[in-house]
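Engineer: have a look at this fold, sequence not included:
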Ligand SMILES: NC(=O)c1ccc[n+]([C@@H]2O[C@H](COP(=O)([O-])OP(=O)(O)OC[C@H]3O[C@@H](n4cnc5c(N)ncnc54)[C@H](OP(=O)(O)O)[C@@H]3O)[C@@H](O)[C@H]2O)c1
């Protein structure tokens, strides 16, 4: 079943597929954090409980749908969903209220795995490094998507690695 509102995955991944280490982002990329803010601003975001723990607070200008199987959890500043279908339904209602035409799916790996078969867009940041880590972006069928945007950035004071922004849309 596809969501009533289109899904867009937002993820930064290293050349080896790593997205996290010790429940944190394994790099410092300020330019990518700005892009994350721009891509998610004014939208509902679906995220997993470990990702929520890693961020540690609700992000301004967005609504968070937090996925957890724990019952009775109601963290300040998040809407709790206990299944993928519930998360999509909740995020769709929030999108309508916010005037957003998209739901952002912002990880981690467990949530990306749920969203990948249904996502309409992928906003990738390909980090040009073989970063050690313990969480990988799930495998997906790259042939189902076509590239619409690509922009390379070099490492610098704000960004510890070079990286490329890549947008993909479902064919
Ligand atoms: N590079 C990036 O762009 C990026 C983005 C996001 C996150 N990350 C990184 O990814 C790592 C976290 O990813 P992760 O895969 O370990 O965890 P996660 O996907 O953030 O969260 C997993 C949790 O989500 C809940 N969950 C998963 N499937 C569910 C379902 N079907 N129904 C209800 N709840 C469900 C469970 O919470 P409960 O255990 O509470 O039941 C599960 O333990 C961190 O290192 C983080 O920094 C990286």
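Structural biologist: Sure thing, it's come through. Bear in mind the structure is a predicted one, so any value in this text is a computation, not a measurement.

Engineer: rest of the way, CA atoms for contacts and neighbours
Structural biologist: Fine.

Engineer: so what's the backbone phi/psi at residue 63?
Structural biologist: Main-chain dihedrals, residue 63, degrees, to the nearest 10: phi -110, psi 140.

Engineer: residues in contact with the closest residue to it other than its chain neighbours?
Structural biologist: Closest residue to residue 63 apart from its sequence neighbours, by CA to CA, 6 or more residues apart in numbering: residue 44 at 4.6 Å. Residues in contact with residue 44, defined by CA atoms under 8 Å, 6 or more residues apart in numbering, are 62-65, 91, 94-95, 100, 102-104.

Engineer: farthest pair in the residues you listed?
Structural biologist: 65 and 100 (14.5 Å; CA to CA).

Engineer: neighbour-wise, which of those two wins?
Structural biologist: residue 65 (26 against 17; other CA atoms under 10 Å).

Engineer: can you tell me how far that one is from the ligand?
Structural biologist: Applying CA to the nearest ligand atom, to the nearest Å, the value for residue 65 to the ligand is 11 Å.

Engineer: show the pLDDT at that residue.
Structural biologist: With respect to pLDDT, residue 65 scores 98.

Engineer: phi, psi of it?
Structural biologist: Taking degrees, to the nearest 10 as the convention, residue 65 sits at phi -100, psi 110.

Engineer: I'd say it and residue 77 touch.
Structural biologist: No: under the criterion of CA atoms under 8 Å, residue 65 is not in contact with residue 77, lying 9.4 Å apart.

Engineer: what residues does the chain put near the ligand?
Structural biologist: Applying CA under 6 Å from any ligand atom, we find that the chain lies next to the ligand at 11-13, 19-25, 48-51, 54, 67-70, 82-84, 106-111, 135.
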